[in-house]
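> Predicted structure and sequence below. I'll ask about it afterward.
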Amino acid sequence: MYTTSSMRSAFSMITAIFVLVIMATVGALVMSTSGKIVKTTTAQYQHEQAILYAKSYTEYAIMAVSAHNRTADCVQTINGTIGTPNTGNGYRVRTHISYIGPASQIGTCPATRQLSTNVTTSSTPLTIIVDAYVDYRDPDNTAQWRTVHRRTVQKI
């Protein structure tokens, strides 16, 4: 026959196993959620970093065009790499510059839009269009490139 103390021990054993199973389930849920949060945060960080690089290269392109003598040649592209983009730990930046304005201000630069002489005056400003593309790899799928594009129209 079973004694009361042995029945209490059996009940305690069942309770302990039940509590361990619940704790293990909660622990697995916490680890899974934590992994998803880290993945999402990393993706958001990379995207925000790419936006900042696009803004930085846009400002650099405006500065380069402003300081460059357009009668000899033109600044049309500015490219760069940050880190090692092919392994997923960096960024690839491509910047394209197009010119809009009167022929006297564009010089030898290929114009996106050369304004006619009856539309322009001597005070018509030179305008540039800067397209900055920042490519980076998704950390989970390094075969896939993600691209951030920023277009800016700036009077020079």
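Alright, I've got the coordinates. Numbering: from 1, shown residues only.

> Centre-most residue in this protein?
Among the residues of the chain, the one closest to the centroid is Ala50, at 2.6 Å (CA atoms, centre = their mean).

> Look at Ser32 and give its secondary structure.
What DSSP: H, G, I helix; E, B strand; the rest coil gives for Ser32 is helix.

> picking that back up, the residue nearest to the centre of the chain: which element?
Element membership of Ala50, judged by DSSP states H and E, is helix 4-67.

> for Ile100, same thing?
Following DSSP H and E, one finds Ile100 within strand 89-101.

> just for this structure, where's the confidence low?
For the chain, applying pLDDT under 70 flags the ranges 1-7, 110-123.

> May I ask you to confirm that the residue nearest to the centre of the chain is in contact with Arg150?
No: judged on CB atoms under 8 Å, Ala50 makes no contact with Arg150 at a distance of 9.5 Å. C-betas here are computed from N, CA, C, even on glycine.

> so what sits against both of those two?
Between them, Ala50 and Arg150 share these contacting residues under CB atoms under 8 Å, 6 or more residues apart in numbering: Val134.

> still on that earlier bit, give me the angle between the helix holding Ala50 and strand 89-101.
Interaxial angle of helix 4-67 relative to strand 89-101 (axes from the mean of the first three to the mean of the last three CA atoms, to 10 degrees): 30 degrees.

> and helix 4-67, what other elements does it pack with?
Counting contacts by 3 or more CB pairs under 8 Å, 6 or more residues apart in numbering; DSSP states H and E, helix 4-67 is packed against strand 77-84, strand 89-101, strand 127-137, strand 145-155.

> Make a markdown table from these and add distance to Val38 to it.
Shown next, in a markdown table, are those (distance: least, CB to CB, whole Å):
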| stretch | distance to Val38 |
| --- | --- |
| strand 77-84 | 20 |
| strand 89-101 | 16 |
| strand 127-137 | 17 |
| strand 145-155 | 18 |
